[in-house]
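J.: the sequence and its predicted three-dimensional model are supplied below.
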Amino acid sequence: MMVSEATTPELSVVVPVKNEAKNLAPLIDEICTSLKGLKLEFEIIYVDDGSTDETPTLLADIMVVQPELRAIRHRECRGQSAAIATGVAAARANLIATLDGDGQNDPSDIPSLLARYREASARNSAALMVTGHRTMRKDVWLRRSSSRIANGIRGAMLKDDTPDTGCGLKIFPREAFMAMPQFNHMHRFLPALMLRGGGLIESVQVNHRPRQHGASKYGVWNRLWVGLTDLFGVMWLARRPIRADATPLEPAPK
């Protein structure tokens, strides 16, 4: 459903991209198709993380024909976590959905994540993150292996209740994300950071598709070894949450 500037959408879909020119139009069409069937007001926010291809030009062209689309550009590459943070900060909805911009996440899974979010939120008042679980990965063996190792190490050390934290498909409240400590590579640890803030995690099995265009920006090195430094940092943060149960005081009776 189209959102006017004066209307607050119910859902903001944040998509970080870098040099994904050939994947833009097909994925944006799929996102719109999957959400228009839900009859909710939504916006799509693409964050171009310093692309050197035709990505910014094509986004400007697509915005002419897709009124749901907004686009933001980083002048230089700042990384996926920075792109997600930029998109969430700019979002007008209270609820955020994220997915990767390479087309491997299937936008038709967003409704099932949204349904689980609504169902679980009705049972519990705590902030909730629903994350995708790619049970049938369509990546090359090396990438699947590096992710499996990284997920195993992370899960054992952080105990974040998430079998596939690397899946870009997630739904969470904007307010909860904005309260998280923000740092480079934080997107790999969003479930652990949600738990640190007193939130809950739910996982939903989702589809995964082969990449049709372009090349992956991530490999074994930055998925595992670089992430180890961040892992110890997140462990440090997880042990030092600042949370307290608080209730307002009433004036004493006269």
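T.: Ah, there it is.

J.: which stretches in the chain count as helices?
T.: Counting by DSSP state H, one finds helices in the chain at the ranges 21-36, 55-65, 80-90, 110-123, 141-158, 174-178, 190-196, 220, 226-238.

J.: averaging pLDDT over each of these, which comes out lowest?
T.: Of all those, helix 220 carries the lowest average pLDDT, namely a mean of 49.

J.: does N94 touch I171 like I think?
T.: No - judged on Cβ atoms under 8 Å, N94 makes no contact with I171 at a distance of 11.6 Å. Every residue, glycine included, has its C-beta placed from N, CA and C.

J.: looking at the two, which one has more neighbours?
T.: Neighbours were counted for N94 and for I171 using other Cβ atoms under 10 Å; I171 has more, 25 against 13.

J.: how about that one, what does it touch?
T.: 95-98, 110, 113-114, 117, 129-131 (Cβ atoms under 8 Å, 6 or more residues apart in numbering).

J.: try 7 Å
T.: Listed by Cβ atoms under 7 Å, 6 or more residues apart in numbering, the contact partners of I171 are 95-97, 113-114, 117, 130.

J.: report the central residue of this protein.
T.: T98 (3.3 Å; Cα atoms, centre = their mean).

J.: how close does that residue get to V13?
T.: Distance, T98 to V13, using Cβ to Cβ, to the nearest Å: 7 Å.

J.: likewise for V64?
T.: 19 Å.

J.: tell me, how many residues neighbour the spatially closest residue to I31 that is not a sequence neighbour?
T.: Of all residues beyond its chain neighbours, the one nearest I31 is P107 (4.5 Å), with distances taken as Cβ to Cβ, 6 or more residues apart in numbering. P107 has 23 neighbours, counted by other Cβ under 10 Å.

J.: then K22?
T.: K22 has 15 neighbours, counted by other Cβ under 10 Å.

J.: pretty sure it sits against D102.
T.: No - K22 is beyond contact range of D102, at 10.1 Å (criterion: Cβ atoms under 7 Å).

J.: contact partners for N207?
T.: By Cβ under 7 Å, 6+ apart, N207 lies in contact with 106, 109.

J.: go with 10 Å
T.: By Cβ atoms under 10 Å, 6 or more residues apart in numbering, the residues touching N207 are 104-109, 112, 132, 134-136, 138, 169.

J.: for ChimeraX, write the selection for the buried entries among the residues you listed.
T.: Provided next is the ChimeraX selection string for whichever of these are buried by 16 or more other Cβ atoms under 10 Å:
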select :104,105,106,107,109,112,132,134,169
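
J.: any idea how far C77 lies from P16?
T.: Distance from C77 to P16, counting by Cβ to Cβ: 11 Å.

J.: these two: which is more packed in?
T.: Legend: neighbour count by other Cβ under 10 Å for C77 and P16, higher for P16 (27 against 16).

J.: what is the neighbour count of the spatially closest residue to S12 that is not a sequence neighbour?
T.: Excluding its sequence neighbours, the residue lying closest to S12 (Cβ to Cβ, 6+ apart) is A91, at 3.5 Å. Using other Cβ under 10 Å, the number of residues around A91 comes to 22.
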